[in-house]
Structure formats: structure tokens, C-alpha cells
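[1] The following block contains a protein sequence and its predicted model.
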Amino acid sequence: MNIKRAKEEIMNTVKAYLAKDDFGNYRIPYLRQRPILLIGPPGIGKTQIMEQVAGECGVALVAYTITHHTRQSAVGLPFIRNKEYGGKEYSVTEYTMSEIIASVYDKIEFTGLREGILFIDEINCVSETLVPTMLQFLQYKSFGNRRIPQGWIIITAGNPPEYNRSVRDFDTVTLDRVRKITVEPDFTAWKEYAYKQGIHEAVISYLDIRKENFYRMETTPDGMFFATARGWEDLSEMLITCEELSLPVTEDLVIQYIQFNAIARDFANFYELYHKYKEAYSIEEIVKGNITQNAVLKIGRASFDEKLNVIGLLLSRLNNKFKEVYLMDAYMDRLYSCLQELKQRMQAPGVILPAELLRKLAEEEEEKLNKKTESGQSDKAEIEVSGRVRTTLKRYADELRENDIEDMQKGFDFIRPLFDKETLRREETVSSASKALEHVFAFMETAFGESQEMVIFVTELTVNFYSSKFIGEYGSEMYVKYNRSLLFEERHKEILKEIDKL
């Protein structure tokens, strides 16, 4: 199965294992909650889906790569304890608590979440001394003589033997105690994730054209050459940063992430063309609604790959606007909640100064984010929104101090118009995104009409997380028009196929 399907399977498992009966007992007994064994090639996104599952299910996450551990850190250190058996005293070897189990209890203590996921990566690559420990862990959910606490679900991951010489096969007895899920690379599934994560549009556009280069591994006399999902995502982060700092992006840089020379060279050439098209077609002007006859004629004569590049550039620019609307909506909701909390605390006895209370709310917001991050429940959007809220609360506090406002009610009355300005800014952000979408649709309509390029454009708007969110909430007449046309065309094809079968 692909990584998206694997994530759904794991989420369903978490929900099933944590379901309780009317008496508060887990519906599936603890020892019958089979650990999951996730087998898939390296760099496919196994760790990322654990973070997503933990966040979406509201549970904590503790993650370890077991190959970094010794038997002592996994099982604990031995010590001698005197015990009495049958009236006689004996010296007995016991073990201190495993570092891994201790981390679970630390996580519970810090986050307040009593349920979670213990994720152990590279479990089938352990050293000889750790093999019995790992088998015991999978079969009995324990390290040494201490079990993983109830409410914690064990998920493990490993690589197939063709990707790692250190892989050890589990015997039938062990495999009969786990739920084995085999994951294969799938660009379509990864693409949905890529849009939401804000992967650089050049990477998405390139892989759309060269899907075969999404995940490649080849062993040659000169060594191993590979391109992985992890490599593309890390390269994307570097591309975005290089563009922000006006740093060059060279083939040498690309090959440090995509360690497959031919693919790295091909992408570097594509990336260079990608930016040439950005200037040649005046992408920013199209988004603003300034459509030139030259751009329309030029794209009409272009190759199909070039057309896809231009569509990718337009989608990228739109996606930035849609993402900003998404973040702005989340930011406004969170800021409004903080101001509601401020109003409630105004009524409490022994109230501090309004500026100090606002700074306290900012500190509490940071503590919440730290707990979410520690428990594996925060993502880029959460971090961005929390940062914006804290910055605004501190700015409000500074303005209250500068204006010597110490009365709570006066302070709240002072803040209200500042919040209204944020509301207006949000409305402007939505309006800007709506106009940009109209302008790009106008260009697509002029340049392509109801062609396959328009189908590609509408399809990408549908599968992209931020664009589908925006259109679903704020609407788009042009999208509805062409989406209906697309659906009608697809249904027409289905009818013709059904007729051919008669």
C-alpha cells in the first residue's frame, strides 16, 4: 500500500486500540493490541506519518531509532537486590528502568497525555546482542522486567533487506504477534502531503513530469545511487531558503540531496528553466491581472513540458496566497480566543495590569506550543500561527505601556480597534487571493480554453490542500464552471465505455 493508505490504517488502529467500554476498560485488551510493523524503503516518510497520526489523534509520541541503542540503554543496567524465598534470603539480579520506557513516563509527565505512540525505527537492523530484547519487546511489550504503560501503542518500522545489509528476518513466532504493513513509494500520495507541507513548486512540477524519478535506487560498480522522498523534501527546504537569501542553486547543491547524478543534473536544468519561465511569462503580472498578448501567444507555441512549468508557477503563486488565508484564519481564531480569555480574567480578583496579563497570555501560548511540539502534535502551520499570536499579544502589551493604560476595562477598549484592524487585514488577504484566482483563470481561459491544460489546472486546485480549503470556504465561480465541465466530460467518457460493452 502507499504511505497515505498506511497512515489511514495506523490512525484506525490508534482509534480502535484506545477505544474503551462503558467501564473505562480498553475494548481490545492490552496484550491483544498487536504492535504494528511498518516495512518500507528508506526516506519514504514513515516517521512523518507517525507525527501526523499523533497530532490528528491527540496523543503523545515518543520516537527512537533502535540502532542507536545498546542493550544497557534498552533494557537497563543490572543491580543486585536481596530477596527472601521460602524463608531464605537470596541475591537477585534486577534491572534499572529502560531509557526508552523512562522516556515514555517523562513524556506523560511533561505533556499530561497518558496515551500515546511509542515508535521504534529500524527495528530489524538491531545488533546481535539486542535481538532477544527486540523479540521480547514485540511479543510482550516490555524491556527487561518493565512493560510499556497501558494506553501506549507500539509501532515499529524497518527497511526491506534489499535496502539494508544489516536487516534481520523475524521468525514466524514473532511475525504472528505483529501486524505487518508493507509500504511502497507512491508519488500521487506523496504529492498531497507535499502541497500541505509547502514543498517547493519546482520539485512538485518536476516530479509531475518525471514521476519515475520520485523514488529511485540503483546499485552500480561505482556505488549506490538514490533519490528518495526525504531527499526531495529536504532539497525543497534548501531551495526556499536559497531563494529568500538570493543564494545560488547549483547542480553540486542538488546532488547533495538527490544522490543520483543523472536525476540531480536533470532537476538542476529544470530548476534553471523554471525560473526563466517565471520572468519570460511575467507570472507576477498574470496574478495581478495584467495579461499580455505576448504571454498568450508565447505559451500557445510552447512545448507541453513548458506549459506544465508555467501552470506550476501559477499554481505556486496562488498556493502562497491560499496558504496565507489559511494561516490568517487560524491566527484570527486563536487571537480571538486569547482576547476572550483576557476578558474573563479581567473579572478575577487581584487582577494584574492589562499589559502584564497580555504578556502572561503570550507566555502561556508559548508553553502550549512547547507541549504540543514535545508530544509530536505541532506542525509548521501550528508553529507559524502560535508565533503570530504571541507577537501580536506582546505588541498590544507594549502599546498599553506606551500609553500608560493600567485600567483593565480601558485596556480592553484600547485593544478592540487594534483587533478590528487585524480583521480588516484578514479580509484584504481573502480578497487578494480571490482576485488572484480570477486573474489566473482568465489567463488560462484565454490561453487554453477547455483544453487538457485547463483540466490539469483545475485538478491541481482540487487536490491541493490549501486551494481546496479556500475554494470550499470562499467559493469560485470559474472553478465551479470548469469543474462541472470536467465532471461532465468524465461522465460522458464512462457512458461511452458502457455503450461499447453492450
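    Received, thanks.

[2] give me the element P149 is part of.
    Secondary-structure element containing P149, defined by DSSP states H and E: none, the residue being outside all helices and strands.

[3] give the contact list for it.
    The neighbours of P149, taking C-beta atoms under 8 Å, 6 or more residues apart in numbering as the test, are 104-105, 108, 114. For every residue, glycine as well, the C-beta is placed using N, CA and C.

[4] And it, its phi and psi?
    In this entry, P149 is assigned phi and psi values of phi -60, psi 150 (degrees, to the nearest 10).

[5] Next one: it from E115, what distance?
    Applying C-beta to C-beta, to the nearest Å, the value for P149 to E115 is 9 Å.

[6] cool, E279 as well?
    Where E115 is concerned, E279 sits at a distance of 53 Å (C-beta to C-beta).

[7] And those two? Which one has more around it.
    The residue with more neighbours, out of E279 and E115 and counting by other C-beta atoms under 10 Å, is E115; that gives 18 against 9.

[8] Just the pLDDT at Q340, thanks.
    Per-residue confidence (pLDDT) for Q340: 90.

[9] Please, which helix or strand holds it?
    With elements delineated by DSSP H and E, Q340 resides in helix 304-346, which encompasses its position.

[10] quick check: angle from the helix or strand just after that helix to helix 304-346?
    For helix 304-346, the following helix or strand on the C-terminal side (DSSP H and E) is helix 354-374. Direction vectors for helix 354-374 and helix 304-346, defined by axes from the mean of the first three to the mean of the last three C-alpha atoms, to 10 degrees, enclose an angle of 130 degrees.

[11] Next, the buried residues of the helix or strand following helix 354-374.
    Helices and strands here follow DSSP H and E; after helix 354-374, the next one along the chain is helix 380-402. Neighbour-count burial for helix 380-402, counted by 16 or more other C-beta atoms under 10 Å, picks out 381-382, 385-386, 388-390, 392-394, 396-397, 399-401.

[12] before we move on, the earlier item: with secondary structure, distance to Q293 and pLDDT as extra columns, can I get the contacts of P149 in CSV?
    Converted to CSV, the contacts of P149 look like this (DSSP: H, G, I helix; E, B strand; the rest coil; distance: C-beta to C-beta, whole Å; pLDDT from 0 to 100):
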residue, secondary structure, distance to Q293, pLDDT
V104, helix, 65, 87
Y105, helix, 69, 89
I108, helix, 65, 87
R114, coil, 65, 89
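
[13] Buried subset of those, written for ChimeraX?
    For selection in ChimeraX, the members of the contacts of P149 meeting the burial criterion (16+ other C-beta under 10 Å) are listed in this command:
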select :104,108
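
[14] Out of the contacts of P149, flag the one nearest to D208.
    Of all these, V104 has the smallest distance to D208: 41.5 Å, by C-beta to C-beta.

[15] so that closest one sits right up against I148, yeah?
    Yes - with contact taken as C-beta atoms under 8 Å, V104 and I148 are classed as touching, separated by 6.5 Å.

[16] Now do the shared contacts for those two.
    Common neighbours of V104 and I148, using C-beta under 8 Å, 6+ apart, are L118.

[17] how close does the residue lying farthest from the centre of the chain get to E94?
    Within the chain, the residue lying farthest from the chain centre (C-alpha atoms, centre = their mean) is G87, at 59.3 Å. When distance is defined by C-beta to C-beta, G87 is 21 Å away from E94.

[18] for Y281, same thing?
    Y281 is 71 Å from E94, where distance means C-beta to C-beta.

[19] Neighbour count for the two, which is higher?
    Y281 (24 against 13).

[20] Contacts only, for that one.
    In this structure, Y281 makes contact with 295, 298-299, 310, 313, judged by C-beta under 8 Å, 6+ apart.

[21] what pLDDT does I255 get?
    pLDDT for I255: 93.

[22] Look up how far P29 lies from it.
    Taken as C-beta to C-beta, the span from I255 to P29 is 52 Å.

[23] Neighbour count for these two, which is higher?
    Neighbour comparison, I255 and P29: the larger count goes to I255, with 17 against 9 (by other C-beta under 10 Å).

[24] what sits against that one?
    Listed by C-beta under 8 Å, 6+ apart, the contact set of I255 reads 261, 264-265.

[25] now do 6 Å
    The neighbours of I255, taking C-beta atoms under 6 Å, 6 or more residues apart in numbering as the test, are A264.
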